[in-house]
Each structure stands twice: as C-alpha cells, then as structure tokens.
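In: Pasted the sequence and its predicted model underneath.
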Amino acid sequence: MAMGRTGHCPAPLPPSAARTRACAMRRPALPDRGTGAAQAERGPGGALPAGSRSRSAASWCSAPPRPAPPIAPIGAGRLLRARSVRGGRGADGAVGDAELLGRGAGRRRVRAPRAAGGGALRQVRGCGAPRGAPCRRAKRLLSGGWRHTKGFRAALLRRCAVGGSRLEPLPRGVRLSRARGGGSRWPGFAPRRRADSIGRRAGSRAVSQWQPWPHRSGRSGRSGVSRCPVRCRARSRRRVPPLSCRRYVAGGRCGSAARLDGKVAVITGANTGIGKETARELARRGARVIIACRDIAKAEAAAREIRAETNNQEVIVKKLDLADTRSIREFANSFLAEEKELHILINNAGVMLCPYSKTADGFEMHLGVNHLGHFLLTFLLLERLKQSAPSRIVNVSSLAHHGGRIRFHDLNGEKSYNRGLAYCHSKLANVLFTRELAKRLQGTKVTANALHPGSVHSELVRHSFVMTWLWRIFSFFLKTPWEGAQTSVYCAVAEELESVTGQYFSDCRPAYVSPWGRDDETAKKLWNVSCELLGIQWD
Ligand SMILES: NC(=O)C1=CN([C@@H]2O[C@H](COP(=O)(O)OP(=O)(O)OC[C@H]3O[C@@H](n4cnc5c(N)ncnc54)[C@H](OP(=O)(O)O)[C@@H]3O)[C@@H](O)[C@H]2O)C=CC1
Ligand SMILES: CC1=C(/C=C/C(C)=C/C=C/C(C)=C/C=O)C(C)(C)CCC1
C-alpha cells in the first residue's frame, strides 16, 4: 500500500515521547542466550533493531528521518576536552560547550584558544552561530522554559559572544550582579565546584543527553520543578512528574512518529486498558482501527472517545468473544467480508487470575482466551495479512511467561489448577506461538513479535480482590495504560522493526525470554496440539 510522507506526525506522541525518540538507540536488553542465541538475537527473519534503521522502512511508515535535536548532545569526550580548554590548550568545537558549562560556570575565565584564530569563531563556539551573533545554544537554553535571573541570562549571552567580533548588548535595565551563593566572579553563575561537578557527570545521561525541555528534567530536590541544565539554580516553570522514580516506572516509550494513513489494524480487547490506549495511538496516526471486543457497549464508548480525541472517524467496533470459537469465526467472516486489507493484528485481549472456568468450547479459560482464541483468530486472518504485506502480528504476552510451563498432560487444568500459574502457562504459550509463527512466516513479509507491556494499572486484576487493592494502593509504582501500550505501539509501527520477527520486547527493546520460551520443540508441539484442539489444519 502506498504511503504518504509527512514532515511530522500531527500529534501522535505526548511531549516527552521524543526523549526516547529512537527507542532503538537504546542499548538492547540481554540477548537471548542458550540454544537459539544467535537466532533469537537476530530473529528468524531480521536483524536486531538496536541502532539501525531498516532500509526498507519507508515502505512501512511515512515518517521521514527526524530532525536533529535542537541542542547537540554533549558527550563525555567533548566535555573533557572542553575542560582542558581552561588551561588554554584545546581548540575545537568543544569550546562552545565549555563556554556554557566549564567556562560559564567556572571561576576562571576561559581564554579563546589561540589556535582557533579570529576567523574560527564557529569552531570556538561550536554552536554553528554565524560570526558575531549570539550563541544559538545559549539562546535555546534561555528559551527552554527556565526561570533564570536576569543577570544569568545577560551573562550567558555575553559569555557566549566572547571570542566573536562583538558582545551581545545587555537588555535594557539589566545590571550584572554577583551570583547568589557567591564564589563566582561571573554574575549569575554558580561557583567553580559546581562546574566541576557538571564536568564529572559528563558521561552520565544527565549531561550527555541534553535535550530541550521537557525531555529531561534535571535533578531537583523539589517535586514538580526541574533544574536548569547548567545548574544555575534556575527552576523550570513547567511541571514534571514529581519523582524520577515515576519516570523509571513509566518505562520505555515508542519514539517512532510513523504515520499509518491507509493502514488497517485489528486490536482485540481494546475497550479498556492497554488495548484501548494502543487503539488510540494507532488512530492518532491515521490508521483504520477495528476494536474487537466482547462487550459492544463498552467498546462503543471507547470508540466514541477515541474518535472524538483523535478526530479519526475510522474507529470501528466489532464483536469478538475469544472464549467462544464460534464468535471468533463470525468475527473473522465479517471482517474478511468488509475489509480488503489488514496490516496490523494486535492480539491484546487477556484474562488473569480467573477462578477455574472453561470457555464455550471446554478449554481452560486462560489457555482458551489468551492463547487458543488468538491462535484461531490469527489463523483465520492470516491470508489477509499476507495479501497486505508488509504486515505485522503483535502478541501481547507477559513477563509472567517466565513462570509458565506447557503442561501437555493437563492443558485444561483438570488434574490440578492454580489460577496464577494458569495465567503464566497461557503467556508462555503466547511466546511459543510467536516463535513458531515467525518461523513459518519467513519470506512472507508478515512479522510476528511478542511483548511484555510492563506492570500496568488496568482491569486485568479484576478477578482477584487482593490484587485489585494492591493495584490501587501501589498504582504509583505501576505503568498507566498509555505507558503500558508503548511497547505494543512500538512493535506495530517502528520503522526499524520492519523485518524483525520472532522477537520478544519489553519497554520498547528486546528482552530476555525464558529458556522454556526458547524451546523450539515445545513450540512445535504446542502448535500441533493447538491445531488439534481447534480442529484446524495449519501448516
Ligand atoms: N496489566 C498488566 O500489568 C499486564 C498485562 N499484560 C497483558 O496485556 C493484555 C491487556 O491487558 P490489560 O489491558 O492490562 O487488561 P484489561 O483487563 O484492562 O483488558 C483486557 C481486555 O481483554 C478483553 N477480554 C477479556 N476476555 C475476553 C474475551 N473472552 N473476548 C474478548 N475480549 C476479552 C477485555 O474485555 P472486557 O472489558 O469486556 O472484559 C479487555 O478489553 C493482556 O493480554 C494481559 O495479559 C501483560 C503483562 C502485564
Ligand atoms: C511485588 C509487589 C507489586 C508488584 C507486582 C508486580 C510487578 C506484578 C506484575 C504482574 C504482571 C507482570 C502481570 C501480568 O502479566 C505491587 C503490586 C506493585 C506492590 C505490592 C508488591
């Protein structure tokens, strides 16, 4: 399907999403070890996404390469060199950083390096500003929402103009005064030791990943405010989540701005929780989204909300009860009759901690809904996915798969049943299904990946009174559904995953799969048993 290219996604992401603008730039988590290590690392059909974009990404998504961040990252090396400039030895672009960090914040004046010469102003500043103009980097810093003192603003602009042919004139009525806290000869700047501490942190994320507000919050002792990156004691006027702990809990975010205009996506269980947020994100990107749910009233309410918010009227509700194979077949027939394409199938719906119960077809509820229901749905929709290739299947599994085993001798839990374990088994089945499916789909341009969304504050724990209360009490330490949807969205849209298949992700990066989840024999056996149970032939 031809995809248009646009400059930016209109508003697919909340403001801080760009912080992780290239999820793939993060260091990948532990690669799969053991028997299938190499394969697991590369996936049967593709390369690990980390750091590399697929060349054919354009065929999937319409977003062009993102523009460089307004403030160039400052790496440890550069800053160290910048610091050495204090002694007057260095002469490279790092000096521009030194002016902002070392020199600006330092007690001693940094001399413009002799080697740079008069004509090397750009080099001296390292910010790309034309000769004589105020430093762009400083300007950006100052316009980043920080509540700097007038003295600081003036001094920063002056400092950055030094080495050029003229100084930036001070704003009218501004007088340079001594910094609060004293110790510095430079008005508005903190004492030298503060600059040194910045230098020492040069390799840390805090300094090396500078980005304009709100992508980094700085360190703050107070909640709701953040500090100026040059630590001049200014505080941002804009609000940030109060504790960095919350940011840790929130986990990885999908930084892709890929548009999905003209694409069709089916999401199961999208009337609430992670599924609903996934549907919202895909709708925001322009996809035609089919919300496949068992409760039509709840699904309609969710669809109305998404339509109103995203202005995308192509959010459609269809009935699907994964606990009933007849309903699954009806859904598939109706879908295939009405939709000529399917690019994204997100098998998201799930149940957890159900008291012992069976589906309409007599399967234990966890296995029946979480695994067999999605297995059958995928089987029925696969031809359409192949016809619409490149297309993707995303299976929402869980970290809980680590506790699972496929108990072939008692798949329906008739001999012994533990509802926690039953959930784990079904999530392991999701991982194994993904693995085997990816293998069988090689060469079709249909990919299949599984994921753990994180621990998310959703309705998943509804069957357990204790868990419901724990979830409420500790909600601060759980992801919001939007945060939980990030890895699903990542797997569904990220350009760099175009040809990645058979992988397992968490927090928008590859994650460790349990040894049982890497067992190809079990995967194959589960595939065959599932086909038998469902009465289908799927080679
Ligand atoms: N929340 C978490 O911490 C984690 C969640 N996950 C996985 O994420 C996925 C989404 O869970 P989450 O959003 O948290 O949970 P929710 O309970 O909020 O959402 C689950 C969705 O699945 C639907 N569903 C349940 N049973 C059926 C069925 N028989 N037929 C059709 N739809 C059904 C629900 O519909 P209805 O509202 O009508 O019941 C609901 O829309 C699940 O697969 C879960 O295992 C994985 C790890 C952690
Ligand atoms: C230990 C513990 C917690 C964490 C629970 C976690 C991490 C649950 C993960 C569940 C998953 C992965 C479910 C779905 O697949 C709470 C409730 C925050 C607080 C109480 C103690």
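Out: Good, I have the coordinates. Ligands and ions are numbered 1, 2, ... in the order given.

In: contacting residues for the residue in the stretch 151-300 of the chain that ligand 2 sits nearest to?
Out: Nearest residue of the stretch 151-300 of the chain to ligand 2: Val249, at 9.3 Å (C-beta to the nearest ligand atom). Where C-beta positions appear, they are placed from N, C-alpha and C, glycine not excepted. With contact taken as C-beta atoms under 8 Å, 6 or more residues apart in numbering, Val249 is in contact with Phe476, Phe477, Leu478, Lys479, Glu483.

In: switch to 10 Å and redo it
Out: The neighbours of Val249, taking C-beta atoms under 10 Å, 6 or more residues apart in numbering as the test, are Pro241, Leu243, Gly454, Ser455, Phe476, Phe477, Leu478, Lys479, Thr480, Glu483.

In: of those residues, buried ones?
Out: Under a neighbour-count criterion of 16 or more other C-beta atoms under 10 Å, the subset of those counted as buried comprises Gly454, Ser455, Leu478, Lys479, Thr480, Glu483.

In: For the first one, give me the pLDDT.
Out: Just to be clear, that refers to Gly454. The confidence metric pLDDT takes the value 98 at Gly454.

In: That one touches Trp482, doesn't it?
Out: No. Counting by C-beta atoms under 10 Å, no contact exists between Gly454 and Trp482, whose distance comes to 11.2 Å.

In: Stretch 283-295 spans what distance, first to last residue?
Out: In stretch 283-295, first residue to last residue: 20 Å (C-alpha to C-alpha, to the nearest Å).

In: Can you list the buried residues in it?
Out: Ala283, Arg284, Arg285, Gly286, Ala287, Arg288, Val289, Ile290, Ile291, Ala292, Cys293, Arg294.

In: Farthest pair within those?
Out: Taking C-beta to C-beta as the measure, those reach their widest spread between Gly286 and Arg294, a distance of 26.9 Å.

In: shouldn't Gly251 be in contact with Leu451?
Out: No. The pair Gly251 and Leu451 does not pass the contact test of C-beta under 10 Å, sitting 11.6 Å apart.

In: what's the weakest-modelled helix or strand in this protein?
Out: helix 205-208 (a mean of 26; mean pLDDT, DSSP states H and E).

In: What lies in contact with the helix or strand containing Ser530?
Out: With the criterion set as DSSP states H and E, the secondary-structure element containing Ser530 is helix 520-534. The contact list for helix 520-534 (C-beta under 10 Å, 6+ apart) reads 35-36, 39, 325, 328, 361-363, 367-368, 371-373, 375-376, 379, 405-406, 408, 411-412, 428-429, 431-440, 516-517, 519, 536-539.

In: Number of residues surrounding Leu353?
Out: Residue crowding around Leu353 was assessed by other C-beta atoms under 10 Å; the count is 18.

In: anything in contact with each of Gly251 and Leu451?
Out: With contacts taken as C-beta under 10 Å, 6+ apart, Gly251 and Leu451 have Gln486, Thr487, Ser506, Asp507, Cys508 as neighbours in common.

In: Could you confirm whether stretch 474-489 reaches ligand 2?
Out: Yes. Counting by C-beta under 6 Å from any ligand atom, contacts between stretch 474-489 and ligand 2 involve Phe474, Phe477, Leu478.

In: can you pull the contacts of the last one?
Out: In this structure, Leu478 makes contact with Val249, Ala250, Gly454, Ser455, Val456, His457, Ser458, Leu470, Trp471, Arg472, Gly484, judged by C-beta under 10 Å, 6+ apart.

In: same question, Gly269
Out: With C-beta under 10 Å, 6+ apart, Gly269 has these contacts: 275-276, 278-279, 291-295, 299, 320, 322, 346-351, 369, 374, 396, 459-460.

In: hmm, 7 Å instead?
Out: Gly275, Cys293, Asn348, Ala349, Gly350 (C-beta atoms under 7 Å, 6 or more residues apart in numbering).

In: So for it, what's the nearest residue that isn't a sequence neighbour?
Out: In this structure, Gly269 finds its nearest non-sequential neighbour in Ala349, 2.7 Å apart by C-beta to C-beta, 6 or more residues apart in numbering.

In: Specify the local secondary structure of that neighbour.
Out: Using DSSP: H, G, I helix; E, B strand; the rest coil as the criterion, the local structure at Ala349 reads coil.

In: In a markdown table: the buried residues of stretch 283-295, plus pLDDT.
Out: Below are those laid out as a markdown table (pLDDT from 0 to 100):
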| residue | pLDDT |
| --- | --- |
| Ala283 | 98 |
| Arg284 | 98 |
| Arg285 | 98 |
| Gly286 | 98 |
| Ala287 | 98 |
| Arg288 | 98 |
| Val289 | 98 |
| Ile290 | 98 |
| Ile291 | 98 |
| Ala292 | 98 |
| Cys293 | 98 |
| Arg294 | 98 |
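
In: Go through the residues you listed and flag which are in strands.
Out: For these, membership in strands holds for Arg288, Val289, Ile290, Ile291, Ala292, Cys293, with DSSP state E as the criterion.

In: if I read this right, Ser514 contacts Gly403, doesn't it?
Out: No. Assessed by C-beta atoms under 7 Å, Ser514 is found out of contact with Gly403, at 8.3 Å.
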